[in-house]
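Chemist: Sequence isn't available, so here's the structure alone:
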């Protein structure tokens, strides 16, 4: 994988930073989820950030629009921090509210990342109990057969607190999707209607998808719709 150094500047406070952009990469093992997110297990790949929260002024800006095209040296500037490159759920909500002049594609991208960030709370398998102890380790060992039950997830309470905001985001995202222009949007629409609890609408979209290379996706969605399950799941 080739990494290319670039400089970026915050449009609010003009703080300059450096970042290494991934030019290519290889995924050896990954896990795919019903909401379209891919979690890389092993491989060398870099995903460039989209939304940046400036470490100096806390302003939001889009990475691509902040890249300086006429500067080559990067060692004079501090690298973007992990916190800047990985905004929190509340950051996405606020950014979508206050950032003006976003075009349709930019809003589309931010709303999908906002959706994924919310789902991340319960996306991965987790035990119960917020604190580790020998007792809780034993309980979670016995709990293992129920690890995919989202309502028992240790982060479920926090996830539930974001449900109203998540639903509002998904309703706005639906307005930006157009399968006639972008055929892959149909997978998002199916998942969104299922997560919103509209299982009959989700079933209609599922039936409109050809088998092709989508057997695992269709099998997983069919099972979730049949069980009236509204949560993101790993595709099996």
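Modeler: Perfect, I can see it now. Because the structure is predicted, anything quoted here is derived from the model rather than measured. Residues are numbered from 1 along each chain as shown.

Chemist: Name the residues that touch the helix or strand containing residue 216?
Modeler: Assigned by DSSP states H and E, residue 216 falls within helix 215-226. Helix 215-226 has contacts (Cβ atoms under 8 Å, 6 or more residues apart in numbering) with 34, 187, 190-191, 194, 199, 202-203, 206, 209, 211, 229, 233-236. Yep, even glycine has a C-beta here, placed from its N, CA and C like the rest.

Chemist: Mind checking which of those are in helices?
Modeler: Secondary structure from DSSP state H places 187, 190, 191, 194, 199, 202, 203, 206 of the contacts of helix 215-226 in helices.

Chemist: Counting neighbours, what do you get for the fourth one?
Modeler: Neighbouring residues of residue 194 were enumerated by other Cβ atoms under 10 Å; the total is 26.

Chemist: List the residues that contact the residue nearest to it when sequence neighbours are not counted.
Modeler: Of all residues not flanking residue 194 in the chain, residue 202 sits nearest, at 3.9 Å (Cβ to Cβ, 6 or more residues apart in numbering). The contact partners of residue 202, by Cβ under 8 Å, 6+ apart, come to 190, 191, 193, 194, 221, 225.

Chemist: Using ChimeraX, define a selection of the buried residues within these.
Modeler: A single ChimeraX command selects the buried members of the contacts of residue 202 (16 or more other Cβ atoms under 10 Å):
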select :190,191,193,194,221,225
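
Chemist: secondary structure element for residue 7?
Modeler: Taking DSSP H and E as the criterion, residue 7 maps to strand 3-9.

Chemist: got the contact list for the helix or strand just after that strand?
Modeler: Next helix or strand after strand 3-9 toward the C-terminus (DSSP H and E): strand 16-22. Residues outside strand 16-22 that contact it (Cβ under 8 Å, 6+ apart): 1-10, 45-49, 63, 68, 74-80, 84-85.

Chemist: after strand 16-22 comes which helix or strand?
Modeler: Downstream of strand 16-22, the first helix or strand assigned by DSSP H and E is strand 26-32.

Chemist: What strands flank that following strand, and is each parallel or antiparallel?
Modeler: According to DSSP bridges, strand 26-32 forms sheet pairs with strand 38-44 (antiparallel).

Chemist: and the ones in helices among the contacts of helix 215-226 as CSV, adding distance to residue 117 and pLDDT?
Modeler: Compiled in CSV, these are given as follows (distance: Cβ to Cβ, whole Å; pLDDT from 0 to 100):
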residue, distance to residue 117, pLDDT
187, 19, 97
190, 20, 98
191, 15, 98
194, 19, 98
199, 24, 98
202, 22, 98
203, 27, 98
206, 25, 96
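
Chemist: From residue 221, how far out is residue 123?
Modeler: Applying Cβ to Cβ, to the nearest Å, the value for residue 123 to residue 221 is 16 Å.
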